[in-house]
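Enquirer: Provided below are the primary sequence and the corresponding predicted coordinates.
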Amino acid sequence: MRLPRETHRRRNFPFHFHAQFLLPVIYTCLFSVQSFSQCPPNIDFETGTFANWTCYTGNVSAAGGVNTIFLTQSGGPVPNQHTMYSNTTNEVDYFGGFPVNCPNGSGYSIKLGNNTGGGQAEGISYEFTIPAGRDLYSLIYHYAVVFQDPGHEIFQQPRLEIEALNVTDNTIIHCSSFTFIPFGSILPGFFISSFQQDTTDVWCKDWSAVSMNLDNNAGKTIRITFKTGDCTFTRHFGYAYIDVNSECSSEFVGATYCPDDAFINVTAPFGYQNYTWFNNTFTQTLGNSQSIIFNPPPPVGTVIAVEVVPYNGYGCLDTLFAQLIDTLTVRSYAGRDTLSCNQNPVPIGAIPKPGLIYSWSPAAGLSDPNSANPRAGPLVKTTYILTTSSAGGGCATTDTVVVDASIIDTTIGVIGKLSYCITSGDSALLFVQPTNNIQWLKDNFPINGQNDLRYRVTQSGNYRAILSNDRGCTALTQEKTVTIETPRPGITYPIEYAVVNYPQQLKARTFGVGVEWTPPTFLSSTSSFVPFFNGTTDKLYTIEIETAAGCITVDTQLVKVFKEVKIYVPSGFTPNQDGLNDHLKPIPVGIKELKYFRVYNRWGQLVFDMKDDPKGWNGMIKGKPQSTQVVVWMAEGIGINNVVYKQKGTCVLIR
């Protein structure tokens, strides 16, 4: 804390990082406050570019037991090592769960590094000169750190290096410069991510702030540098996000207020662990939170101070001052007139400034009517009015923006059927409403030359169209799935054997949505895929199977009827490979389970067991054809009446 007439006293906290982490993910940003001092150009990335920043790439080394980060200028941002983010993203860090954009109202953040390892190193720096006569000057950067935990030696570990250098005097500003080296036990303020990579734990630290006090450096050149490096074994990763806002001062949000404010809400920089507010003589404690409210506002020129304590010693204990002045002016900026296509939201307004209140009217079509930069997707052309005021309600100003609306009809009509059989003579004709340009798609690929209002479908697939109008709007229609089917050929089912007075279940193929058995004689149902047969004579059935598209397939089923439950075996077979009677096999009639079927030659030698080949015996032994002879067969099965049937007989092998 700094007392009156006392120079700044900085308390350096030792950084003994005893944690087994890999490379940090750092989020660094300088806090934007209402102030009288504009920051150096694009130190805040608000142009959406890396202008005035110097980008570096390189590698890491642990030669001689010393970790070294080697960096060279890359001539600009390198893909996957220097990445720009806009505040329109809702993305959060995969491991830490905190937003990739610094949560201080800034417009852009950058990502420094990646999570692929490889022994890479990245850096970025900014050099600027403090204006002459500005003896009070400060920046505040914020960081969030994520380490993968490989458990290497300390000189092999990944690291983050943050450096603030007084280039003019070639001196380090120590309270704002430090190195994170994961080694040993967990660092204070960290937590273990619920996600791992390569089965390695990842440690995270949420946003924290460090004040960079540059008082008494008027006219001197300062360079801030951020470096990240993978582990020297090249496997483990790390990356950083950096964000700088638009104003630089030791003033606070709300320190400058409107003359007609009912109250003022003064807010210290975001990201510190503790705040203690004092009057200018430090004889009175005013509060202990980030913000403090004065209702009514104190006299103009009142000076207040706040002592800020960084998280767990990451930075210096510092005291910041602000003079309360009623000279704030507020400008309301609703943005440029724009066009919304098919109610797709478009951004309006501008980046919010801390300490201001925003309200839009009408609220219809807006993502958030109380945001400085909502998204608008009105159904009709709408003029939106933005009212902006200070937190105390003063200095209210308005601005308007016109959001035109263009709606393309994305419905897609159908003449004919979306599903039909190719033999039916049906068709599918798709059409859209008139517009300037049309491109038909099949399975999301353009169909060459198909740009008319109508498209006749000739193949099965998913169809839609890209439509555009003279307003510059483009829309994708609904999708229609067209199925053009070819009938399947009919087949003859294997013969079913039934026993008189015992129902036998028949089974049709099930690829269709409907079936019809003809004739209906002896059947429990003609429209079931699995009807029961209970008849006294043989019967041949035709089975019409209809698909959803209307294709008809006709199968046939022959049912042969026997008077008793029995295992029938032919008296002879001719295994000459002519496709007729080539195998000796049983015909189990009314047998629900065939226990075995075996064949023996005249010497009693087992020549075939059906458990080895369900097709039956082909007249061979060990691959050698057998000559004409009489063989003996034996069979056992359990009938549908739960009776065990054992049978034997002879059969002639005929060559």
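Expert: Received, thanks. Numbers count the residues shown, from 1 in each chain.

Enquirer: all contacts plus neighbour counts: C-alpha atoms, from now on.
Expert: Fine.

Enquirer: how near is the most centrally placed residue in the chain to Phe98?
Expert: By C-alpha atoms, centre = their mean, the chain has its centre lying nearest to Glu91, at 9.7 Å. Distance from Glu91 to Phe98, counting by C-alpha to C-alpha, to the nearest Å: 9 Å.

Enquirer: Glu496 too?
Expert: Going from Glu496 to Phe98 by C-alpha to C-alpha gives 69 Å.

Enquirer: same deal with Tyr600?
Expert: Per C-alpha to C-alpha, Tyr600 is found 79 Å from Phe98.

Enquirer: which regions of this structure lie under the pLDDT threshold?
Expert: Across the chain, the ranges flagged by pLDDT under 70 are 1-38, 104-105, 184-189, 209, 211, 245-251, 270-271, 311-316.

Enquirer: Buried residues, stretch 371-382. List them.
Expert: Neighbour counts using 16 or more other C-alpha atoms under 10 Å place Ser371, Ala372, Asn373, Pro374, Arg375, Ala376, Gly377, Pro378, Leu379, Thr382 of stretch 371-382 among the buried residues.

Enquirer: now it, how far from the centre of its chain.
Expert: Centroid separation between stretch 371-382 and its chain, computed with C-alpha atoms, centre = their mean, to the nearest Å, is 27 Å.

Enquirer: Endpoint to endpoint, it covers what distance?
Expert: End-to-end distance (C-alpha to C-alpha), stretch 371-382: 17 Å.

Enquirer: what does it rub up against?
Expert: 340-352, 358-360, 364-368, 402-407 (C-alpha atoms under 8 Å, 6 or more residues apart in numbering).

Enquirer: among those, which ones are buried?
Expert: 340-352, 358-360, 365-367, 402-407.

Enquirer: List the ones among those that fall in strands.
Expert: Within the buried ones among the contacts of stretch 371-382, residues falling in strands by DSSP state E are Ser340, Cys341, Val346, Pro347, Tyr358, Ser359, Trp360, Val402, Val403, Asp404, Ala405, Ser406.

Enquirer: Tell me the one among these nearest to Ser86.
Expert: Nearest to Ser86 among those is Pro347, at 12.2 Å by C-alpha to C-alpha.

Enquirer: Report the beta-bridge partner residues of that closest one.
Expert: Arg375 (DSSP bridges).

Enquirer: thought Thr398 was touching Leu386?
Expert: Yes: the criterion here is C-alpha atoms under 8 Å, and Thr398 meets it with Leu386 at 5.4 Å.

Enquirer: More neighbours: these two, which one.
Expert: Leu386 (26 against 17; other C-alpha atoms under 10 Å).

Enquirer: A strand includes that one, no?
Expert: Yes: the assignment for Leu386 (DSSP: H, G, I helix; E, B strand; the rest coil) places it in a strand.

Enquirer: Which residue comes closest to it once chain neighbours are left out?
Expert: Trp360 (4.6 Å; C-alpha to C-alpha, 6 or more residues apart in numbering).

Enquirer: wait, that neighbour sits on Ile385?
Expert: Yes: with contact defined as C-alpha under 8 Å, Trp360 reaches Ile385; the gap is 5.6 Å.

Enquirer: which residue ranges form the strands in the stretch 51-200 of the chain?
Expert: For the stretch 51-200 of the chain, the strands defined by DSSP state E, counting those that start in this stretch occupy 54-61, 68-73, 82-86, 108-114, 120-129, 138-148, 159-166, 171-172, 178-180, 191-192.

Enquirer: Just the buried residues of the second one, please?
Expert: Neighbour counts using 16+ other C-alpha under 10 Å place Ile69, Phe70, Leu71 of strand 68-73 among the buried residues.

Enquirer: Which strands and helices lie in contact with that strand?
Expert: Contacts defined by 3 or more C-alpha pairs under 8 Å, 6 or more residues apart in numbering; DSSP states H and E place strand 68-73 against strand 54-61, strand 120-129.

Enquirer: Wait, a helix at Val482?
Expert: No: under three-state DSSP, Val482 sits outside any helix and is assigned strand.

Enquirer: Count residues in the vicinity of it, would you?
Expert: The number of residues packed near Val482 is 22, by other C-alpha under 10 Å.

Enquirer: do Gln577 as well
Expert: 10.

Enquirer: and if you look at Lys507?
Expert: Lys507 has 14 neighbours, counted by other C-alpha under 10 Å.

Enquirer: Which residues outside stretch 439-452 are in contact with it?
Expert: By C-alpha under 8 Å, 6+ apart, stretch 439-452 touches Asn437, Ile438, Tyr455, Gly461, Asn462, Tyr463, Arg464, Ala465, Ile466, Leu467.

Enquirer: Look up how far Ser528 lies from the fourth one.
Expert: Right, Gly461. According to C-alpha to C-alpha, Gly461 stands 31 Å off from Ser528.

Enquirer: show me where the stretch 401-550 of the chain has helices.
Expert: Using DSSP state H, counting those that start in this stretch, the stretch 401-550 of the chain contains no helices.

Enquirer: where do the strands sit along it?
Expert: Remark: strands assigned in the stretch 401-550 of the chain by DSSP E, counting those that start in this stretch are 413-416, 419-421, 428-431, 437-442, 445-446, 454-457, 461-468, 474-476, 480-485, 496-499, 504-505, 514-518, 532-533, 539-546.

Enquirer: What is the distance between stretch 144-161 and the centre of its chain?
Expert: In terms of C-alpha atoms, centre = their mean, the centre of stretch 144-161 is set 27 Å apart from its chain centre.

Enquirer: Using the three-state scheme, assign the closest residue to Val308 other than its chain neighbours.
Expert: Spatial nearest neighbour of Val308, excluding adjacent residues (C-alpha to C-alpha, 6+ apart): Tyr275 at 4.9 Å. Three-state assignment for Tyr275 (three-state DSSP): strand.
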